[in-house]
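Enquirer: Next comes the sequence, and after it the predicted model I'd like to discuss.
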Amino acid sequence: MGWGTLPVRGPSSTSTAAAAAADAAPEEAAPAAYLAAFTHHSASLQQNGTPLHASFVSHAPASILCPECGTRMPPNPSNLCAKCIRNRVDITEGIQKACTVLWCKQCDRYHSPPRAWIHAELESKELLTFLVKKVKGIKGKVKLTDASFVWTEPHSRRIKIKLTVQKEVLNGGTILQQSFLVEFVVEPHMCMECARITANPEQWIGCVQARQRAEHRRTFLFLEQLILKHAADENVIGVRKKADGLDFYFSHRSHSLKFVDFLGSVVPIRHRADRQLVSQDFSDNTFRYKYTFFTELVPVCKDDLVCLPRKLSNKAHGGIGPVLLCTRVGTAITLTDPNTNRYIQLDGDAYWRNPLKPLASQRTLTTYVVLDIELVGARGGGPDWDDAASVRSMRSAGAGASTAGRTSVGSHISRFQLADVTVARSADLGANDSTLRCRTHLGAVLNVGDTVLGYDLQRLNITDDDFVEHAERDKDAIPDCVLVRKSYQEKRKARRERRAAAAARRAGGTGAAASAMATENVSFPARPSPLGQSFADTGAHRPWTLRTLEMEEDDEEGGGGGGRGKRGKRSAKLARENEDRDLTDRERFFQELEEDADMRGRVALYRKPQPQGKSFDLLRDDDAGNGDDDGDSEDDDVPEVPLEELMTALSLDEQRKRRLHGGSSIEEMAEDEEDDDDEVQGDGDKEEAANLDDPEVRASHTRRAIMLGAGVKRGKRS
């Protein structure tokens with residue numbers, strides 16, 4: 001029998017009663033009654049063997065009325081709507097809504113009971129975790145699903161977070177989710193370490209003494225920049241300047257050990273530890289010590305001359321040297337042979353097993369003038385390195401060296417070029433015809449007529465035993481002179497004079513007055529950095545600056561710091577000599593940063609804050625010949641720091657702006673302000689440019705350029 005021939009069965013009495021009840025029910029109860037009648041009718045059809053067509057099934061969602069407010073809603077185990085459940089049940093009851101956190105203003109840390117203090121930035125993940133843990137009533141009672149910060153005024157000393165929690169209510173049949181705010185009051189409270197340091201600054205636990213036996217302090221200037229770049233001063237509570245080094249003070253012994261490990265990772269050192277008993281308690285058998293760590297840096301510095309003993313030169317390092325030049329100091333010292341461009345690297349352990357004393361330092365350099373130069377071999381190698389067999393023989397000769405001190409040919413010497421150079425002492429020009437012939441590694445940078453600095457081994461009084469032994473055995477092994485670096489002193493002086501002359505021509509004044517204005521050393525105003533240090537004065541002619549640590553001067557360094565009579569005069573004279581020496585070392589350190597790109601890449605250089613960033617570009621345009629001076633400058637090769645290598649020093653306000661703008665740069669955030677200023681200044685600049693023929697306008701431009709170059713700030717024009 002087909003589907004169309006099925007007999008239609010009449011409804012039973014039960015289904016008829018259900019249908020009648022559905023008709024008699026109110027309109028609100030109709031869906032439920034109809035569904036009950038349809039379900040009973042379908043069951044009766046299946047019992048009689050009649051198939052039920054799929055189109056008979058209803059997919060309409062069921063809904064009921066809330067017994068309290070009468071709102072239509074889907075059915076749930078509690079038979080109540082969400083609004084009525086929230087009015088009846090509060091899952092945040094018992095959770096703390098107001099808390100207090102202790103904050104140390106000195107070290108910027110928050111107190112984590114019972115005794116811990118933690119570092120956390122505002123609106124950071126660490127601070128949010130710390131605050132959520134302080135809220136009582138969450139753990140074990142509700143489930144935390146979300147947490148976020150709510151913005152508050154930075155000076156309000158209030159921190160608000162928004163928490164979202166879930167909990168099963170009404171006999172576990174319904175899950176309720178609810179959000180609420182928790183307010184934290186930040187109360188200033190000094191931690192124990194800061195309180196002890198403030199009460200008595202001498203109450204330190206660990207002290208790291210960094211010392212070097214050298215005639216200058218440039219090593220510590222470079223070490224200071226490494227410490228600041230790697231944020232190794234975060235646990236330092238004080239720095240004291242000594243005559244031959246620096247002392248770093250810490251409040252914990254572990255901080256001192258960490259700092260010693262850092263020093264060993266950046267420079268070759270050796271250290272020893274000592275401790276001194278401060279107090280003891282016999283009742284509980286406790287002792288209090290002060291720990292001192294003495295670290296000695298290798299005395300060999302960059303551009304120092306050393307002589308290898310015959311045993312090391314012939315056996316350990318494959319016949320290199322014996323007279324070597326220190327060309328780099330890092331985790332290991334690099335000693336380069338200026339005759340062959342071969343070099344060895346000695347780390348701290350290898351150096352202290354066989355210490356080397358410098359034969360001469362930079363204070364004994366002699367000035368030479370290049371008379372003739374002839375390049376030898378390819379760049380980075382000598383004449384014996386042109387074939388692979390010679391390279392393999394040299395490497396095999398150095399294969400016997402230890403892993404700490406190795407002989408190699410690599411990228412370090414790729415910037416060097418061997419050359420045979422004829423030079424004459426600058427002091428001998430016009431007095432005699434004495435010349436010297438030597439081989440140097442500076443062939444890539446030297447030209448005829450250049451000034452070069454080197455060590456005059458014919459006139460230096462060297463008493464080193466190893467050097468004397470080499471000179472007695474083989475005089476040809478000791479060169480007459482060793483060239484160290486190219487000198488830019490005369491060209492720097494000529495650049496300053498040319499800037500002064502250009503300013504004088506534009507201003508229409510005398511050269512002497514303009515020279516005094518251009519060469520005036522206007523000190524750069526020091527301002528606090530984000531890490532609490534200050535910026536150094538690098539000179540008016542440099543567009544960059546460096547951060548410096550806050551140091552205490554040692555009284556012993558200045559000879560006692562005072563007195564009367566002859567003793568007071570000697571102390572004052574010694575203090576002036578130390579100050580002059582520090583200024584000379586600092587200026588030479590700045591010049592090394594400009595000349596050595598590898599050394600410059602290991603420190604952080606910051607751009608000086610200049611209005612609109614146009615002052616130093618104007619001065620560099622004068623050097624390129626865009627003014628009234630000659631177009632061909634003789635000092636174009638004077639090294640300078642490229643502006644693209646400089647970093648922008650952020651103040652606290654700029655850091656807050658960056659955080660609010662989603663991490664965008666300060667330059668991007670200030671584009672709108674600069675555009676508005678440019679629109680206002682546009683008409684005035686055009687009028688000034690049209691009147692450049694007027695001497696008063698030219699003088700105004702020149703004074704502005706000199707002031708900007710000297711680092712003098714001026715306000716924006718409205």
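Expert: That came through, no problem.

Enquirer: From here on, just use CA atoms for contacts and neighbour counts.
Expert: Fine.

Enquirer: Just the buried positions in stretch 497-511, please.
Expert: Residues of stretch 497-511 classed as buried: 497-507, 511 (neighbour count, 16 or more other Cα atoms under 10 Å).

Enquirer: name the helices or strands packed onto the biggest strand by length in the chain?
Expert: Using DSSP state E, we find that the single longest strand of the chain is strand 174-188. Other elements packing on strand 174-188 under the criterion 3 or more Cα pairs under 8 Å, 6 or more residues apart in numbering; DSSP states H and E are strand 98-104, strand 158-169.

Enquirer: who touches residue 178 in this structure?
Expert: 91-92, 164-166 (Cα atoms under 8 Å, 6 or more residues apart in numbering).

Enquirer: Among these, the buried ones, what's the ChimeraX command?
Expert: Applying 16+ other Cα under 10 Å to the contacts of residue 178, the buried members can be selected in ChimeraX as follows:
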select :91,92,164,165,166
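
Enquirer: of all the contacts of residue 178, which two lie farthest apart?
Expert: Using Cα to Cα, the contacts of residue 178 reach their maximum pairwise distance at 91 and 164, which is 10.7 Å.

Enquirer: Surely residue 371 forms part of a helix?
Expert: No: according to DSSP: H, G, I helix; E, B strand; the rest coil, residue 371 belongs to no helix; its state is strand.

Enquirer: Hmm, it is touching residue 425, no?
Expert: No: counting by Cα atoms under 8 Å, residue 371 does not reach residue 425; the two are 10.3 Å apart.

Enquirer: So for those two, which sits in the more crowded spot?
Expert: Ranked by neighbour count (other Cα atoms under 10 Å), residue 371 and residue 425 place residue 425 first, with 21 against 17.

Enquirer: count of residues packed around the closest residue to the more buried one other than its chain neighbours?
Expert: Of all residues not flanking residue 425 in the chain, residue 368 sits nearest, at 4.4 Å (Cα to Cα, 6 or more residues apart in numbering). The local packing of residue 368 (other Cα under 10 Å) involves 27 other residues.

Enquirer: The one helix or strand residue 368 maps to pairs with which strands, and in what direction?
Expert: Per DSSP states H and E: residue 368 is located in strand 366-375. Paired strands of strand 366-375, with direction, are strand 419-425 (antiparallel), strand 451-456 (antiparallel) (DSSP bridges).

Enquirer: closest one to residue 544 among these?
Expert: Nearest to residue 544 among the strands paired with strand 366-375 is strand 451-456 (26.4 Å), distances taken as Cα to Cα.

Enquirer: Please write out the alpha-carbon positions of that closest one in CSV.
Expert: Extracted C-alpha coordinates of strand 451-456, given in CSV (Å, rounded to 0.1, in the frame of the first residue of the first chain):
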residue,chain,number,x,y,z
THR,A,451,99.5,63.4,9.6
VAL,A,452,99.8,60.1,11.5
LEU,A,453,100.7,59.2,15.1
GLY,A,454,103.1,56.4,16.0
TYR,A,455,105.7,55.1,18.4
ASP,A,456,109.3,56.1,17.7
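
Enquirer: buried sites along the helix or strand just after that strand?
Expert: As assigned by DSSP H and E, the chain's next helix or strand after strand 451-456 is helix 465-473. Neighbour-count burial for helix 465-473, counted by 16+ other Cα under 10 Å, picks out 467, 470.

Enquirer: likewise stretch 174-192?
Expert: Result for stretch 174-192 [16+ other Cα under 10 Å]: buried residues 174, 176-177, 181-186, 189-191.

Enquirer: Please apply the same query to stretch 138-152.
Expert: Quick answer for stretch 138-152 (16+ other Cα under 10 Å): 138, 142, 144, 147, 149.

Enquirer: Repeat that for stretch 422-438.
Expert: Quick answer for stretch 422-438 (16+ other Cα under 10 Å): 422-425, 436-438.

Enquirer: And those residues, which two are furthest apart?
Expert: Top of the distance list for the buried residues of stretch 422-438 (Cα to Cα): 425 and 438, 13.0 Å.

Enquirer: picking that back up, residue 228: which of the helices and strands packed on strand 174-188 is closest?
Expert: Per Cα to Cα, nearest to residue 228 of the helices and strands packed on strand 174-188: strand 98-104, 23.0 Å.

Enquirer: what does the helix or strand that the closest one is followed by rub up against?
Expert: Next along the chain after strand 98-104, taking DSSP H and E as the criterion, comes strand 109-112. The set of residues external to strand 109-112 that reach it, using Cα under 8 Å, 6+ apart, is 101-104, 117-120, 130.

Enquirer: Low-confidence regions, the stretch 451-600 of the chain specifically.
Expert: In the prediction, the stretch 451-600 of the chain carries residues with pLDDT under 70 at positions 508-534, 537, 539-540, 555-565.

Enquirer: Do a quick rundown of the helices in it.
Expert: Assignment of helices within the stretch 451-600 of the chain using DSSP state H, counting those that start in this stretch yields the ranges 465-473, 489-507, 511-518, 565-595, 597-600.

Enquirer: Name the helix or strand for residue 265, please.
Expert: Residue 265 is located in helix 253-266, with elements delineated by DSSP H and E.

Enquirer: Just send the helices of the stretch 451-600 of the chain back as CSV, with distance to residue 307 too.
Expert: Below are the helices of the stretch 451-600 of the chain laid out as CSV (distance: least, Cα to Cα, whole Å):
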stretch, distance to residue 307
helix 465-473, 6
helix 489-507, 29
helix 511-518, 45
helix 565-595, 24
helix 597-600, 24
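
Enquirer: now for those, which one comes closest to residue 251?
Expert: Nearest of the helices of the stretch 451-600 of the chain (Cα to Cα): helix 565-595, 29.5 Å.

Enquirer: so what does the closest one touch, helix or strand wise?
Expert: The contact analysis (3+ Cα pairs under 8 Å, 6+ apart) places helix 565-595 against helix 218-229, helix 597-600.

Enquirer: Put together CSV for those, with mean neighbour count on each row.
Expert: Converted to CSV, those look like this (neighbours: other Cα atoms under 10 Å):
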stretch, mean neighbour count
helix 218-229, 18
helix 597-600, 14
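
Enquirer: Take those helices and write them to a markdown table, including distance to residue 451.
Expert: Below are the helices and strands packed on helix 565-595 laid out as a markdown table (distance: least, Cα to Cα, whole Å):
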| stretch | distance to residue 451 |
| --- | --- |
| helix 218-229 | 23 |
| helix 597-600 | 21 |
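
Enquirer: Out of these, which is closest to residue 304?
Expert: The nearest among the helices and strands packed on helix 565-595, by Cα to Cα, is helix 218-229 at 12.4 Å.

Enquirer: Put the alpha carbons of that closest one into CSV.
Expert: Presented in CSV, the C-alpha positions along helix 218-229 are these (Å, rounded to 0.1, in the frame of the first residue of the first chain):
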residue,chain,number,x,y,z
ARG,A,218,89.4,56.2,29.1
THR,A,219,88.8,52.5,29.9
PHE,A,220,86.4,53.5,32.8
LEU,A,221,84.7,56.0,30.5
PHE,A,222,84.0,53.1,28.1
LEU,A,223,83.1,50.8,30.9
GLU,A,224,80.6,53.4,32.2
GLN,A,225,78.8,53.4,28.9
LEU,A,226,78.6,49.6,28.8
ILE,A,227,77.1,49.6,32.3
LEU,A,228,74.4,52.1,31.3
LYS,A,229,73.6,50.4,28.0
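
Enquirer: Need the contact partners of the helix or strand just after it.
Expert: Later in the chain than helix 218-229, the nearest helix or strand by DSSP H and E is strand 236-242. With Cα under 8 Å, 6+ apart as the test, strand 236-242 has contacts from 246-251, 549-554, 556-557.
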